[in-house]
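Trainee: turn this into a model:
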Amino acid sequence: MSMPFYVSPEQLMKDRADFARKGIARGRSVAAIQYADGVVLVSENPSQALHKISEIYDRIAFAAVGRYNEFENLRIAGVRLADMRGYAYDRRDVTGRGLANAYAQTLGTIFSSGGEKPYEVEIFVAEIGDDPAGDQIYRLTYDGQVYDEHRFAVMGGTHDKVVAYLTKHYHEGASLEGAVRVAVDALGHDDAAPRTIPPEDLEVAVLDRTRSQQRKFRRLRPESLVEVLGTRTALPEDAGAAGAEPESTTGSGEDDPPVAPPVS
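Mentor: A predicted model of the protein is given here:
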């Protein structure tokens, strides 16, 4: 009788972690940045149909990198969980921390299970409070670990280069326009040579506490991004500081039409 092939638990977990990290690194980075009136999420995403950034609930946003089908399943599960909790109890009982804990349990269970491959995803769960001190950004990794981020956070792609740029150029209390500009410039520094990302290849959404509506999530359309970013042909190393205001602002800031949550 042949003996089964043995792999130590340490080696098995290492192989699963390497597999997930390689899948996540293939895509472009996503950045989440706190600004004076909320949190802005920015991603390089040429697709107009497949979103990396979405709304979960009134004050909560979701962003992800990795395999689309896997993080889309997680997004739908989060929407359903938030709707059920808000309906059964109170809308104030739906929190970013609660959703982050639910996602962490799901990802951790899948990663440690030997019956299926680990999810090749990383997730942001962002929530805004009544003031900047109440804003929260949670980053969840493929193995279920949760990190409470402050000021800014980056995941996916060559995130270390993007983080290095933001560390140098980010300023607290920036305007929305300044935060968007520094985020886009940072994402353009993920390669060996700086590059300019056209507005039509960007996906940008904000959680804006100044909105009068109960739902604080809105997307920035390409025409608004053109006004914010302007016409730029080069990215000097000192460009994109969040403290530098653009020459023009975002006009009306018109929202994308709201998308109804999936029906069970």
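
Trainee: going by C-alpha atoms from here, please, whenever you check contacts or count neighbours.
Mentor: Noted.

Trainee: for Met155, what are its contacts?
Mentor: Met155 makes contacts with Ser29, Val30, Ala31, Val65, Glu122, Ile123, as judged by CA atoms under 8 Å, 6 or more residues apart in numbering.

Trainee: what is the lowest-pLDDT residue among the residues you listed?
Mentor: Within the contacts of Met155, pLDDT reaches its minimum at Ser29, with 92.

Trainee: relative to Met13, how far out is that residue?
Mentor: Distance, Ser29 to Met13, by CA to CA, to the nearest Å: 25 Å.

Trainee: repeat that for Arg67.
Mentor: Arg67 is 20 Å from Met13, by CA to CA.

Trainee: what of Ala20?
Mentor: 11 Å.

Trainee: what are the ranges of the helices in the stretch 51-200 of the chain?
Mentor: Under the criterion DSSP state H, counting those that start in this stretch, helices of the stretch 51-200 of the chain are mapped to 68-88, 96-112, 159-169, 176-187.

Trainee: Glu200 against Ser47, yeah?
Mentor: No: between Glu200 and Ser47 there is no contact under CA atoms under 8 Å: 9.1 Å.

Trainee: and those two? Which one has more around it.
Mentor: Glu200 (16 against 12; other CA atoms under 10 Å).

Trainee: relative to the whole chain's centre, how far out is the lowest-mean-pLDDT helix or strand in the chain?
Mentor: Least confident element among the helices and strands of the chain, by mean pLDDT, DSSP states H and E: helix 222-229 (a mean of 87). Helix 222-229 sits 20 Å away from the centroid of its parent chain (CA atoms, centre = their mean, to the nearest Å).
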